[in-house]
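K.L.:
Got a predicted structure here, sequence first:
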Amino acid sequence: GKKQDWWERVARTLSSCIADDPETRCMDILELSYSHLPTYLKPCFLYLGAFLKDREIPVSKLTRLWIAEGFVQNPELDSLEHLAEKYLNDLIGRSLVIASKRKSNGGVKTRHVHDMLRALCLVRCKEQNFLHSITGYDELFASSHENLDYGVDPGYCHPSISITYKKYRLSICSRRKHFAMSMPSGPCVRSLLFFATNDMYPRCPYNVGFITDNFKLLRVLDLECINMGHCFPRGLEHLVHLRYLAVCGDLDSIPASISCLWNLETLLVRGLKGKVDLPHTFWSMVKLRHVHVKSFTSF
């Protein structure tokens, strides 16, 4: 049947590989594994390229992002969350994802992706315009290098031109201050995920107000790695397409205007000062499925 045909193709691939580089042979096999994924699993696998290399990813975060992106559909008799976990277990069963830690009940708590699998994700993401992954200072400021003074710390150099990205999904990995300084924009971007590299002052607040002006059509916004200060960015309530929102800051409370985000399904708030008060307008958000506030909260 289909399984036998698949193994025959694997055998042919192995026998036909004449390259001396073992990585090339491995990549050929991984490409074959990807090509045999069911259609509904391919975007779930490619999405793994958005995350940092060698970092464990909480399964709860990954599956909720999949749901917000629309990868998990037609649950019929099953919940979206349960169906997303089935998708993940299928990828683990195919050895495309590695279970790092498990829960006491045997379920997967965190997982990671092998470097070569992540490299395959990034190659396919670029080919299919699925995701734009940006790593480091050079890519963030690529369009304004002529304006920078290389004789001083680039952290003190403010670019005169912000880069406009056209891909549907955008993953940025950089130092926090470089992300805030670069003020990227994307009129067509639907998903923006930010991952911070090591900073000298990770708790330092940064102005991320440019996001509400530069990314008006977002469905997914993950700013869990950067302190946005004492209050939500101005105009955040206008991002009415948001389904997933993760924020971090020296927050005392969440504004009542959060209820304007009527499409929101998942809200993660990392309060660096401890307690974060929630507004009573929360009860009017009928699509909200998951709320997680660190360290604790009250109405």
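P.N.:
Alright, I've got the coordinates. Remember, it's a predicted structure, so these values are computed and weren't measured experimentally.
K.L.:
mind listing the helices for the stretch 1-150 of the chain?
P.N.:
All helices of the stretch 1-150 of the chain, identified by DSSP state H, counting those that start in this stretch, fall at 2-16, 22-35, 42-46, 59-69, 80-93, 115-127, 136-140.
K.L.:
do the same with the stretch 151-299 of the chain
P.N.:
176-182, 210-214.
K.L.:
Can you tell me which of the ones you listed is packed in deepest?
P.N.:
Greatest average neighbour count among the helices of the stretch 151-299 of the chain goes to helix 176-182 (a mean of 21), per mean count of other C-beta atoms under 10 Å. Using the backbone N, CA and C atoms, a C-beta is placed for each residue, glycine as well.
K.L.:
Packing partners of that helix?
P.N.:
Packing partners of helix 176-182 (3 or more C-beta pairs under 8 Å, 6 or more residues apart in numbering; DSSP states H and E): helix 136-140, strand 191-196, strand 220-227.
K.L.:
Quick one: list the elements packing against the first one.
P.N.:
For helix 136-140, the packing partners by 3+ C-beta pairs under 8 Å, 6+ apart come out as strand 169-174, helix 176-182.
K.L.:
Compute the inter-axis angle for the first one and helix 59-69.
P.N.:
For strand 169-174 against helix 59-69, the angle by axes from the mean of the first three to the mean of the last three C-alpha atoms, to 10 degrees is 140 degrees.
K.L.:
Quick one: residues in contact with strand 169-174.
P.N.:
49-52, 69, 130-137, 140, 179, 182, 184, 186, 189-197, 220 (C-beta atoms under 8 Å, 6 or more residues apart in numbering).
K.L.:
Please apply the same query to stretch 198-218.
P.N.:
Looking at what lies outside stretch 198-218 - C-beta under 8 Å, 6+ apart - the contacts are 162, 175-177, 179-180, 183-192, 196, 221, 223, 226-230, 233-236, 238-239, 241-242, 249-250, 272.
K.L.:
V247 reaches M228, doesn't it?
P.N.:
Yes - V247 is in contact with M228 according to C-beta atoms under 8 Å; the separation is 6.2 Å.
K.L.:
hey, which helix or strand in this protein has the poorest pLDDT?
P.N.:
helix 2-16 (a mean of 53; mean pLDDT, DSSP states H and E).
K.L.:
Can you check the pLDDT for the residue nearest to S257 when sequence neighbours are not counted?
P.N.:
Leaving aside its chain neighbours, S257 sits nearest to E237 (4.0 Å; criterion: C-beta to C-beta, 6 or more residues apart in numbering). At E237, the model reports a pLDDT of 93.
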